[in-house]
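Visitor: Got a predicted model here, sequence first, then my questions.
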Amino acid sequence: MMSLEDVRRIYHEAKTIAVVGASAKEDRAAHAIPAYLRSQGYRVIPVSPKGGELFGEPVRSSLADIDVPIDIVDVFRPPGEALAVAREAIAAGARILWFQPGTETDEAIRVATEAGLTVISRRCIGVTHGALGLGPGPHHRGSQSGRT
């Protein structure tokens, strides 16, 4: 289990967060949480097959389409996709894989951890940021959800 200081260090060192499953629907946690992270100074790169633009960035269809270093991959996809996302995060050279509550599987966590990624799961990246006193926290009633 990571200490709160370890998690705080992750936030301080991170610059770029790729959000797999980012949503354009403002009533979804997959929109509110990345929007909050962007408001806190992180570069948020949305990843979704739907394309378009979101959070001031072109939406990438996969992590492989991102041509800058990825500090954190934040996941808002169903657990059935967790292993594929973990493998993409490994291939993309991400340092941290963060599964929103209800998006992880034990196998995905194991594969990513064995590949050297730091894995955080079962906690919301936005709510945790606020709880650590690093910002006001997101103001979204569904912010704990992994729904897109």
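Guide: Done, it's in.
Visitor: For this structure, give me the ranges with low pLDDT.
Guide: 140-148 (pLDDT under 70).
Visitor: Please enumerate the strands of it.
Guide: 16-20, 43-47, 53-54, 57-58, 72-75, 96-99, 118-121 (DSSP state E).
Visitor: Which of the ones you listed sits closest to Arg110?
Guide: Closest to Arg110 of these is strand 118-121 (C-beta to C-beta; 8.9 Å). Placement of C-beta: from N, CA and C, glycine included.
Visitor: which residues touch that closest one?
Guide: 2, 7, 10, 95-99, 101, 103-104, 109, 112-113 (C-beta atoms under 8 Å, 6 or more residues apart in numbering).
Visitor: follow-up on the earlier one: could the strands of the chain go into CSV alongside distance to Ala89?
Guide: Shown next, in CSV, are the strands of the chain (distance: least, C-beta to C-beta, whole Å):
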stretch, distance to Ala89
strand 16-20, 8
strand 43-47, 10
strand 53-54, 19
strand 57-58, 18
strand 72-75, 4
strand 96-99, 5
strand 118-121, 9
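Visitor: so can I have a markdown table of those strands showing mean neighbour count and distance to Ala86?
Guide: Below are the strands of the chain laid out as a markdown table (neighbours: other C-beta atoms under 10 Å; distance: least, C-beta to C-beta, whole Å):
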| stretch | mean neighbour count | distance to Ala86 |
| --- | --- | --- |
| strand 16-20 | 26 | 10 |
| strand 43-47 | 24 | 14 |
| strand 53-54 | 16 | 23 |
| strand 57-58 | 14 | 23 |
| strand 72-75 | 28 | 9 |
| strand 96-99 | 26 | 6 |
| strand 118-121 | 19 | 8 |
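Visitor: So for Gly133, which of the ones you listed sits nearest?
Guide: Among the strands of the chain, if distance is taken as C-beta to C-beta, the winner is strand 118-121, at 17.8 Å.
Visitor: Now do the helices in the protein.
Guide: 4-13, 29-39, 82-92, 106-114, 125-131 (DSSP state H).
Visitor: for the contacts of strand 118-121, which one is nearest Ala35?
Guide: Out of the contacts of strand 118-121, the member with the shortest distance to Ala35 (by C-beta to C-beta) is Trp98, at 16.3 Å.
Visitor: Mind listing the residues bridging to that closest one?
Guide: Asp74, Ile120 (DSSP bridges).
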